[in-house]
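Peer 1: need the 3D shape of this:
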Amino acid sequence: ETTALTTGTGKLTFRMPYAMTLFAGVLGIKASLTTAGSTSGVTTIDVNEGGSSILSTLLTIDSTEKTSTTAATPPVISDTALAADAEITVDIDGLSGGATEAGLKITLIGIPA
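Peer 2: Next comes the predicted model:
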């Protein structure tokens, strides 16, 4: 919750508990931070199913913000069908200039498939 994030692939890995169809666009995925980035730039996050991105426009959290729901650039989901027991990995592709972000959480929102 308080350790500063670093960029890289596979920063978080989990398995889908059941097959899910994500809601489209900003309704189907969001990210939040415990500690916001302190200077210019954005936190950029990619979510992958089985090694392939489910996003055609990545999740971003603007500097000084704690949630992607207010981001200037909304995410675009290119793969809404997540399989049961699929391995989901989260990559951190970019951090704000201060790199003070901490406590990343990803929320997937949809219905059982």
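
Peer 1: how about the closest residue to Val42 other than its chain neighbours, what does it touch?
Peer 2: If the residues on either side of it in the chain are set aside, Val42 comes closest to Thr60, at 4.5 Å by CB to CB, 6 or more residues apart in numbering. Yep, even glycine has a C-beta here, placed from its N, CA and C like the rest. With contacts defined as CB atoms under 8 Å, 6 or more residues apart in numbering, Thr60 is in contact with Val42, Thr43, Thr44, Ile45, Ser68, Ala71, Ala72, Thr73, Pro75.

Peer 1: please pick the buried ones from those residues.
Peer 2: Taking 16 or more other CB atoms under 10 Å as the criterion, what is buried in the contacts of Thr60 is Val42, Thr43, Thr44, Ile45, Ser68, Ala71, Pro75.

Peer 1: what about the third one, helix or strand, and which?
Peer 2: This means Thr44. Thr44 belongs to strand 42-49 when assigned by DSSP states H and E.
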